[in-house]
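K.L.:
How does the following fold in three dimensions:
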Amino acid sequence: MTAHAPSKAPNNGWWRGGVIYQIYPRSYQDSNHDGIGDLPGITQRLDHVAALGADGIWLSPFFKSPMKDFGYDVSDYRDVDPMFGTLDDFKALVARAHALGLKVMIDQVLSHTADQHPWFAESRSSRTNPKADWYVWADARDDGNPPNNWLSIFGGSAWQWDTGRLQYYMHNFLTSQPDLNFHNPDVQQAVLDDVRFWLELGVDGYRLDTANFYFHDRQLRSNPGRGQPDGEDPAVNATNPYGWQRHLYDKSQPENLVFLQRLRALLDEYPHTAMVGEIGDDDGLARMAEYTGTGPDGQPMLHMAYCFDLLGKQRSAPFLQALFTRFLAVVGDGWPCWALSNHDCVRLATRWGGEQPDARLLRLAAAMQMTLRGTPCIYQGDELGLPEADVAYEDLQDPFGITMWPSFKGRDGCRTPMPWASEAPHAGFGAAK
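P.N.:
Numbering: from 1, shown residues only. You can find the predicted model right below:
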């Protein structure tokens, strides 16, 4: 008997031009006074988001995690980390958001897991176990060096030696964030099953972390060099050697498009859902156009995508005119998501306005963002014009900043607690530091 494909659910297109409000759970509202934001705290503050006129929220990761990268290292895709609450707390959040007319989008970190995920524990145990090929493993070269020159975004080689298997495993980020092997069909199915779990709980869509990182080159070819960047490209951190390569083989592979079609087909089984992909690529606009189009089989992929072109320091009229002119020429019918800030970059007020930002500039930036063709994504606190916080080295939490200090201070400065009441202890975020 031939199995029939699931019927496509209706989609009201709420995401086209709707406003998404990003919430970083650790720093939004602390409801139990332990110094860490949590899901009940977010639920308490959803009226604020609704009053802003937002159409939906994007929640950064709240899944079980050892928190080496603050939730972007997932050890259980189907449960809430106790520091944030429980599954029942999440269900209550969704119910309250829906009652206020807000959609709920959650982060999905699919390209890699935590090294404490049971999948990786099994994979690294031997070369013959059932999950031996669930992660990207490779033999050393004859001289003991890694198989190629791929680099981690967080510094150093993208390969970590494992003394048990006597092989290297790939990690685009921390050594504690091993990359899944999406060339393995079983990995793809396991990931899709985890995505379905949250759709069944009522989420309205996803923000896909590193959406172009799922597949690597099967031949493990080395990336060509580009020389030291001049610092003018907003998508490149000139102080990080990662930007010295053209990333032709460690990400953005053709197979990625086929998987995104499968992911889109899954979402299309659920009414009014949408997903936005984070695209970190040498040519973000071109990749954004590709990923919001149709895939190799003629099927749609991402509903929306965003790249990093507006997340740098450049804001001059010539720069913006050139960017939007190229956008119109390249993206075509694709639908962009425009962000001026998020949890990974210096806050807009400081990045574009300096130490004493002019409130008129921030209002003008917001007006520009709201008038662009696409979906605006607002990062928590930007509605207040919050500046970047100056965090002392001894107080840093972000491993990226600790590694790259002092030229790059990391991401802690944009992740400090949301101020709710100026006269209250810790500005109303909670009772504890």
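K.L.:
Spatially central residue in the chain, please.
P.N.:
In the chain, the residue lying closest to the centroid (C-alpha atoms, centre = their mean) is residue 209, at 3.1 Å.
K.L.:
Could I get the contacting residues of that residue?
P.N.:
For residue 209, the contact set (C-beta atoms under 8 Å, 6 or more residues apart in numbering) comprises 61, 72, 107, 108, 109, 110, 111, 278. For every residue, glycine as well, the C-beta is placed using N, CA and C.
K.L.:
Spatially nearest residue to the fifth one, not counting backbone neighbours?
P.N.:
Using C-beta to C-beta, 6 or more residues apart in numbering and skipping residues adjacent in sequence, the residue nearest residue 109 is residue 209, 4.5 Å away.
K.L.:
ok, now how distant is the one you found from residue 138?
P.N.:
24 Å (C-beta to C-beta, to the nearest Å).
K.L.:
Return the residues in contact with residue 33.
P.N.:
Residue 33 touches 430, 431, 432, counting by C-beta under 8 Å, 6+ apart.
K.L.:
That one looks like it's in a strand, true?
P.N.:
No - counting by DSSP: H, G, I helix; E, B strand; the rest coil, residue 33 falls outside a strand, being coil.
K.L.:
Now it: closest residue in space, sequence neighbours ignored.
P.N.:
That would be residue 431: by C-beta to C-beta, 6+ apart, it lies 3.9 Å from residue 33.
K.L.:
list the contacts for the one you found?
P.N.:
Listed by C-beta under 8 Å, 6+ apart, the contact partners of residue 431 are 30, 33, 425.
K.L.:
could the residues you listed be laid out in a markdown table, adding pLDDT and distance to residue 334?
P.N.:
A markdown table is the format used below for the contacts of residue 431 (pLDDT from 0 to 100; distance: C-beta to C-beta, whole Å):
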| residue | pLDDT | distance to residue 334 |
| --- | --- | --- |
| 30 | 98 | 39 |
| 33 | 95 | 45 |
| 425 | 91 | 46 |
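K.L.:
Using the three-state scheme, assign residue 277.
P.N.:
On the basis of three-state DSSP, residue 277 is classed as strand.
K.L.:
Let me see the contact set for the closest residue in space to it that isn't next to it in sequence.
P.N.:
Leaving aside its sequence neighbours, residue 277 sits nearest to residue 211 (C-beta to C-beta, 6+ apart; 3.2 Å). Residues near residue 211 by C-beta under 8 Å, 6+ apart: 256, 260, 277, 278, 279, 291, 302, 305.
K.L.:
Residue 191: which of those is nearest?
P.N.:
For those, the minimum distance to residue 191 (C-beta to C-beta) is 12.0 Å, reached by residue 260.
K.L.:
That closest one contacts residue 299, correct?
P.N.:
No - applying C-beta atoms under 8 Å, one finds residue 260 not in contact with residue 299, separated by 9.1 Å.
K.L.:
List only buried entries from the contacts of residue 209.
P.N.:
61, 72, 107, 108, 109, 110, 111, 278 (16 or more other C-beta atoms under 10 Å).
K.L.:
Tell me the spacing between the spatially closest residue to the second one that is not a sequence neighbour and residue 162.
P.N.:
Here the nearest residue to residue 72 in space, its sequence neighbours aside, is residue 109; by C-beta to C-beta, 6+ apart that works out to 5.3 Å. Distance check for residue 109 against residue 162: by C-beta to C-beta, it reads 21 Å.
K.L.:
Same question for residue 285.
P.N.:
Taking C-beta to C-beta, one finds residue 285 at 38 Å from residue 162.
K.L.:
Those two: which is more packed in?
P.N.:
residue 285 (21 against 16; other C-beta atoms under 10 Å).
K.L.:
Excluding covalently adjacent residues, which one is nearest to the more buried one?
P.N.:
Among residues not flanking residue 285 along the chain, residue 330 sits closest, at 5.1 Å (C-beta to C-beta, 6+ apart).
K.L.:
Pretty sure that neighbour sits against residue 287.
P.N.:
No - using C-beta under 8 Å, residue 330 makes no contact with residue 287, being 9.8 Å away.
K.L.:
Of those two, give the one with the bigger neighbour count.
P.N.:
residue 287 (22 against 15).
K.L.:
quick one: what helix or strand has that one in it?
P.N.:
helix 284-291 (DSSP states H and E).
K.L.:
neighbouring contacts of that helix?
P.N.:
For helix 284-291, contacts defined as C-beta under 8 Å, 6+ apart pick out 211-212, 235, 252, 257, 260, 277, 279, 281, 301-302, 305-309, 323, 326-327, 330-332, 334, 336.
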